[in-house]
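Colleague: Have a look at this fold, sequence not included:
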């Protein structure tokens, strides 16, 4: 591969980096002739779980910051 060619696949750090197609939901079976086994789209499930994990991580960070007094204004 030369330097001017882009690498295939998603880049680390992007939301779809850890996503792997399930091959059983309507999205993954579209155009394959196979019937979907799952009703819920795996990409939607992945994003829902990823967003929930990010929100929970932020809640923990905020709680930790409040415990440490990071949000207290400086005294004059």
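Modeller: Cool, the structure landed. In this text, all values refer to a predicted model and were calculated from it rather than measured experimentally. Numbering: from 1, shown residues only.
Colleague: max-length helix in this structure?
Modeller: Longest helix of the chain, by residue count under DSSP state H: helix 42-68.
Colleague: Give me the mean pLDDT for that helix.
Modeller: Averaged over helix 42-68, pLDDT sits at 89.
Colleague: Quick one: list the elements packing against it.
Modeller: If you count contacts as 3 or more CB pairs under 8 Å, 6 or more residues apart in numbering; DSSP states H and E, helix 42-68 packs onto helix 26-29. For glycine as for every other residue, the C-beta is placed from the backbone atoms N, C-alpha and C.
Colleague: I'd like to know how far the closest residue to residue 27 other than its chain neighbours sits from residue 69.
Modeller: Among residues not flanking residue 27 along the chain, residue 41 sits closest, at 4.8 Å (CB to CB, 6 or more residues apart in numbering). To residue 69, residue 41 is 43 Å away according to CB to CB, to the nearest Å.
Colleague: okay, those two: which has more neighbours?
Modeller: residue 41 (16 against 7; other CB atoms under 10 Å).
Colleague: That one against residue 26, yeah?
Modeller: Yes: contact criterion CB atoms under 8 Å: residue 41 and residue 26 qualify, at 6.0 Å.
Colleague: In three-state terms, label residue 32 for me.
Modeller: coil (DSSP: H, G, I helix; E, B strand; the rest coil).
Colleague: ditto for residue 22
Modeller: Recorded secondary structure, residue 22: coil (three-state DSSP).
Colleague: I'd say residue 19 and residue 45 touch.
Modeller: No: using CB under 8 Å, residue 19 is not in contact with residue 45, being 10.0 Å away.
Colleague: which ones are touching residue 45?
Modeller: For residue 45, the contact set (CB atoms under 8 Å, 6 or more residues apart in numbering) is empty.
Colleague: about what we covered before: next, the buried residues of the longest helix of the chain.
Modeller: The neighbour-count check on helix 42-68 (16 or more other CB atoms under 10 Å) flags 42, 46 as buried.
Colleague: Please consider this matter closed, and thank you.
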